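Undergrad: 3D, please:
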Amino acid sequence: MTEFHKIILGQSLLCICCVFYLIWWGLSFRPDVTVNREGGINGLLLLITAISGLAGVALSLIGVNSLQAVDKPKVNGAFVLVCGIAVYVFLLILTRLAFKRPVTTELLLITAWAMLEMTVISSLNAGGRLTDIRFWILAAVVAIAFVGSMILYVLYYRMEPMRAFYAAMVPLITEGASMLVVILLSI
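TA: Have a look, this model is predicted:
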């Protein structure tokens with residue numbers, strides 16, 4: 001399997017992760033419904049979500065780190081890492097202090113996803129798999145999905161329960177769709 005195929009498989013597994021996370025969320029977090037979130041079918045769905053997500057991240061990063069560059073990357077991996085950590089800390093403080101929003105795992109997942117996708121598309125561009133125009137289109141897609149996810153992250157606890165339940169699904173849909181666009185534009 002080539003490095004490019006590892007990236008594509010990794011992105012595909014992350015799309016699968018989003019699908020199973022959506023199903024798990026839909027069954028486990030519906031307002032006014034009490035279920036065991038870890039046992040039975042919910043436990044199986046959560047396990048599939050975790051395995052496909054971790055495998056997707058690992059394969060994406062293995063492919064990124066092995067893909068032969070034919071051009072200089074648009075965004076340096078170290079820059080993405082430093083900026084991502086800084087953005088995470090800034091948003092953690094901002095959402096907690098300014099918006100009084102409890103800090104949850106989703107903030108880390110949203111930020112780490114954007115970091116991964118910027119690294120992936122920069123690597124695909126440097127490896128000759130994405131034109132410059134497609135790189136910038138995908139960078140905009142990632143940025144829009146990130147901003148939309150952050151808006152919903154902040155608003156989640158301010159919404160009535162059923163609206164919040166559905167709003168929490170939107171980032172999974174947009175981020176899964178974003179990765180599908182990455183796959184389609186790079187093959």
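Undergrad: Now stretch 54-69 - C-alpha only, CSV.
TA: Only the C-alpha atoms of stretch 54-69 are listed here, as CSV (Å, rounded to 0.1, in the frame of the first residue of the first chain):
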residue,chain,number,x,y,z
LEU,A,54,-7.7,5.8,16.0
ALA,A,55,-6.8,3.7,13.0
GLY,A,56,-7.9,6.6,10.7
VAL,A,57,-5.7,9.1,12.5
ALA,A,58,-2.7,6.6,12.6
LEU,A,59,-2.9,5.7,8.9
SER,A,60,-3.4,9.4,7.9
LEU,A,61,-0.3,10.4,9.8
ILE,A,62,1.8,7.4,8.7
GLY,A,63,0.9,8.3,5.1
VAL,A,64,1.6,12.0,5.6
ASN,A,65,5.0,11.3,7.2
SER,A,66,6.0,9.0,4.4
LEU,A,67,4.5,10.7,1.3
GLN,A,68,7.3,11.8,-1.0
ALA,A,69,7.2,15.6,-1.5
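Undergrad: can you pull the buried residues of that stretch?
TA: 55, 56, 57, 59, 60, 61, 62, 63, 64, 67 (16 or more other C-beta atoms under 10 Å). Backbone N, C-alpha and C define where each C-beta goes, glycine included.
Undergrad: got it, and stretch 172-180?
TA: 172, 174, 175, 176, 178, 179.
Undergrad: which one of those is nearest residue 50?
TA: Checking the buried residues of stretch 172-180 against residue 50 with C-beta to C-beta, the nearest one is residue 172 at 14.3 Å.
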